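>>> Here you go, sequence then predicted model.
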Amino acid sequence: MARFLHPLLRGTTYTRLLHLWVPMLVVSVWMFIDPSSPWVPAAVLLVVGLIPAVRLGEGVQARLLLTPGEAESESAISVAPSASWRDRLRTVLWLEVRMALGAVAMGACVWLPLTSVDLVRATSGYFSDDNPFLPASQPQWVYAVLAPLPLLAFYGVVVGLGELITAAARSLLGPSPSERLAALEERTEQLLERSRIARELHDSIGHALTVAVVQAGAARAAGDPEFTDRALGAIEETGRAALADLERVLGVLRESDRPASSRPALTEADRLLESARVSGAKVDAELTGPLADLPGPVSREGYRILQESLTNVLRHAGSVPVRVRVAFADGSLVLDVRNPLAAPIPSPGLGSSGLRGIRERAALLGGRAWTGVEEDVGEWRVRVELPVGEGRVRSGARQRVDLR
């Protein structure tokens with residue numbers, strides 16, 4: 001019983017009924033002006049629905065009265081002007097459907113309660129001359145039994161028409177294909193941004209923690225006060241850099257329009273190389289070409305790729321010789337990092353999110369990345385080639401890239 005009466009306790013039931021009544025108020029006014037032409041309001045709607053702003057107004061009204069309290073994604077009702085003739089025709093059809101359902105609702109709200117009143121009066125022997133469906137020949141107990149039925153029908157009509165008009169609004173005022181495409185593109189951009197932020201945190205904080213762990217372990221094993229001082233200094237410097245990177249990433253989350261230029265670039269590669277050296281790695285680095293002239297996206301992503309490559313060396317190989325080559329020439333940037341195999345190398349499919357991040361960064365810039373073991377020399381190698389030529393560097397480029 002409580003479930004049956006639940007719609008009567010919902011405010012949505014009454015706001016939907018109000019939504020059904022609104023167009024009939026306009027029709028009622030017209031009927032006072034010219035009762036001989038009841039078809040005029042419906043004909044006017046055929047023209048009014050073609051106005052782009054009408055769809056916007058109908059969407060706002062429908063969302064407010066038919067789906068109050070629901071989020072935009074849940075209501076599935078668009079709040080935007082008509083952007084195409086298809087939207088205009090859907091709006092016209094919506095207006096006609098709304099008027100038709102409103103007429104049914106208005107008739108039910110007037111005649112069904114009056115019929116119930118007439119049935120109650122008929123049980124006492126009073127019959128209405130305006131209701132030919134209540135002949136006096138029936139026993140009075142019949143009218144007593146039938147009296148609640150119009151009210152039940154009224155309840156069903158009000159709730160049912162409310163659900164029907166809401167379904168029609170979602171179908172006819174729902175997002176058009178162009179609006180759905182725009183929403184999908186916006187969602188895609190949000191996911192790409194979240195992925196980029198996740199990579200930023202992984203590369204920066206992962207590098208700092210790796211350096212700190214390696215330095216702390218080396219300092220404990222060495223037992224040399226001078227080495228311990230150097231190790232603590234390296235941990236402090238790396239920690240400060242990680243905090244600065246973390247603040248940059250959090251700044252992106254707080255301020256969506258904050259410029260990406262605040263992130264570190266390849267011109268600061270010396271900081272990474274020195275951090276790896278003080279961690280015990282023997283780094284042989286060679287940086288050639290005008291790195292300061294690199295486009296911002298290429299330089300920043302190149303820095304992160306180099307950072308992740310050195311982090312993997314420290315994490316999986318320890319204090320081993322590392323050869324780093326960074327070259328910018330002939331319209332491309334090449335990063336090449338090699339180190340001897342001092343420990344088992346993780347499979348790219350098992351938890352190596354850093355290697356996957358390197359490939360993703362290269363792909364987003366229209367480049368290619370190769371990571372793996374060179375069996376003939378017994379080295380682990382990371383080689384990344386990024387195009388720098390005009391018109392080739394594209395953030396989020398939509399193309400197939402060989403990521404072997």
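Done, it's in. Residues are numbered from 1 along each chain as shown.
>>> what secondary structure does A369 sit in?
Under the three-state scheme (DSSP: H, G, I helix; E, B strand; the rest coil), the conformation of A369 reads as strand.
>>> who's it bridged to?
The residues paired with A369 through beta bridges, assigned by DSSP bridges, are V384.
>>> pLDDT score assigned to it?
For A369, the model assigns a pLDDT of 90.
>>> wouldn't it be in contact with L386 here?
No - in terms of C-beta atoms under 8 Å, A369 does not count as a neighbour of L386; the distance is 9.0 Å. Heads up, the C-betas are built off the backbone N, CA and C, glycines and all.
>>> got any residues that touch both of these two?
The overlap between the contact sets of A369 and L386 (C-beta atoms under 8 Å, 6 or more residues apart in numbering) consists of A362.
>>> Looking at these two, which has the bigger crowd around it?
In terms of neighbours (other C-beta atoms under 10 Å), L386 is the more surrounded of A369 and L386; the figures are 27 against 24.
>>> pretty sure the more buried one is in contact with G367, am I right?
Yes - taking contact to mean C-beta under 8 Å, the distance of 3.9 Å between L386 and G367 places them in contact.
>>> what comes up buried for stretch 354-362?
Going by neighbour count (16 or more other C-beta atoms under 10 Å), the buried part of stretch 354-362 is 354-362.
>>> which of these sit farthest apart?
Distance extremes for those: the farthest pair is G354 and A362 at 13.1 Å, using C-beta to C-beta.
>>> Phi and psi next, for P321.
Note on P321: its backbone torsions stand at phi -60, psi 140 [degrees, to the nearest 10].
>>> Counting neighbours, what do you get for it?
When counting by other C-beta under 10 Å, one arrives at 15 neighbours for P321.
>>> Look up how far E237 lies from the residue nearest to it when sequence neighbours are not counted.
Excluding the flanking residues, the one nearest P321 by C-beta to C-beta, 6 or more residues apart in numbering is K282, at 4.4 Å. Using C-beta to C-beta, to the nearest Å, one obtains 19 Å as the distance from K282 to E237.
>>> got it, and I205?
The span separating I205 from E237 equals 15 Å under the rule C-beta to C-beta.
>>> for H202, same thing?
Applying C-beta to C-beta, the value for H202 to E237 is 20 Å.
>>> circling back: between K282 and E237, which has more neighbouring residues?
E237 (16 against 12).
>>> now for the host helix or strand of that one, which elements pack on it?
With elements delineated by DSSP states H and E, E237 resides in helix 225-254, which encompasses its position. When contacts are defined as 3 or more C-beta pairs under 8 Å, 6 or more residues apart in numbering; DSSP states H and E, helix 225-254 sits against helix 177-222, helix 269-278.
>>> Comparing these, which yields the minimum mean pLDDT?
Per-stretch mean pLDDT for the helices and strands packed on helix 225-254 is lowest at helix 177-222 (a mean of 68).
>>> how about V92, what does it touch?
V92 sits in contact with 45-46, 49-50, where contact means C-beta under 8 Å, 6+ apart.
>>> switch the cut-off to 6 Å
46, 49 (C-beta atoms under 6 Å, 6 or more residues apart in numbering).
>>> Report pLDDT for it.
pLDDT for V92: 92.
>>> Perfect, I'm done here.
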